[in-house]
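# have a look at this prediction, sequence included:
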Amino acid sequence: MDGAMQSSYATALLKQQQLPESFQFFFKQKQQLSNTHSLHDLVRPRLKIAIVTETWPPEINGVALSLLQLCQGLQKQGHKILLIRPEQKAKCHDFTPEQECLVMSQAIPKYPTLQFGWPQYLKVSKAFEKFVPDVVHIVTEGPLGLTAMQAAKAKSIPVSSGFHSPFQDFSRFFDLAFLVKPIQK
């Protein structure tokens, strides 16, 4: 399509549909970018995403801070977030999910500032029932992540996970070497 045809096509569609300004796209026209309004067909669907993590700000670590950025970005794009995480003494004021499920937390032996979430299956399962996520993303593969995976499978919700840290190797440093095999599985 040439530039003039693109512009007239977009203008015709604009007259048919009243779309918010946030749904604008830019088409290249004669080496310039001209601002035109978008089309419903080009807009990605918004998802309801359950994110499961054992670490969250104000804890300071790479996983918590990266996850905060991810959640803010997803929410800015219009996705809805259910955040499943352990209870904390302090609160993160930089992000407010559409729904939150807080499970009991337990300090890791010998490391009181690090904690994991208790595998509260019924609580996680009820949060899924209420939120009805399109996908469950497990950030940390600990007891809480395993519980979320089981609850999601029981409800036929797709599950994704990113494996960025070798937790099985870290367990040796926390005097929890007996967890190496279960974590690997």
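Cool, the structure landed. Numbers count the residues shown, from 1 in each chain.

# CA atoms for contacts and neighbours, from now on please.
Fine.

# in what helix or strand does residue 46 lie?
Element membership of residue 46 [criterion: DSSP states H and E] is none; it lies in no helix or strand.

# actually residue 147, sorry about that
helix 143-154.

# what's that helix packed up against?
strand 48-52, strand 111-117, helix 121-131, strand 135-138, strand 159-161 (3 or more Cα pairs under 8 Å, 6 or more residues apart in numbering; DSSP states H and E).

# deepest in the core, which of these is it.
Counting by mean count of other Cα atoms under 10 Å, strand 48-52 has the highest mean neighbour count of the helices and strands packed on helix 143-154, with a mean of 24.

# give me the angle between the very next helix or strand once past that one and strand 48-52.
Later in the chain than strand 48-52, the nearest helix or strand by DSSP H and E is helix 62-76. Orientation note: helix 62-76 sits at an angle of 170 degrees relative to strand 48-52 (axes from the mean of the first three to the mean of the last three Cα atoms, to 10 degrees).

# list the buried residues of helix 62-76.
63-64, 67-68, 71-72, 74-75 (16 or more other Cα atoms under 10 Å).

# pLDDT-wise, what's the bottom of those residues?
Among those, residue 64 carries the weakest pLDDT, at 80.

# how near is that residue to residue 50?
Distance of residue 64 to residue 50, given as Cα to Cα, to the nearest Å: 16 Å.

# right, and residue 90 touches residue 58 too?
Yes - between residue 90 and residue 58 there is a contact at 6.8 Å, judged by Cα atoms under 8 Å.

# more neighbours: these two, which one.
Taking other Cα atoms under 10 Å, residue 90 and residue 58 do not tie; residue 58 has more neighbours (16 against 9).

# show me what contacts the more buried one?
Each residue near residue 58 by Cα atoms under 8 Å, 6 or more residues apart in numbering is listed here: 90-92.

# quick check, nearest of those residues to residue 102?
Nearest to residue 102, judged by Cα to Cα, of the contacts of residue 58 is residue 91 at 11.9 Å.
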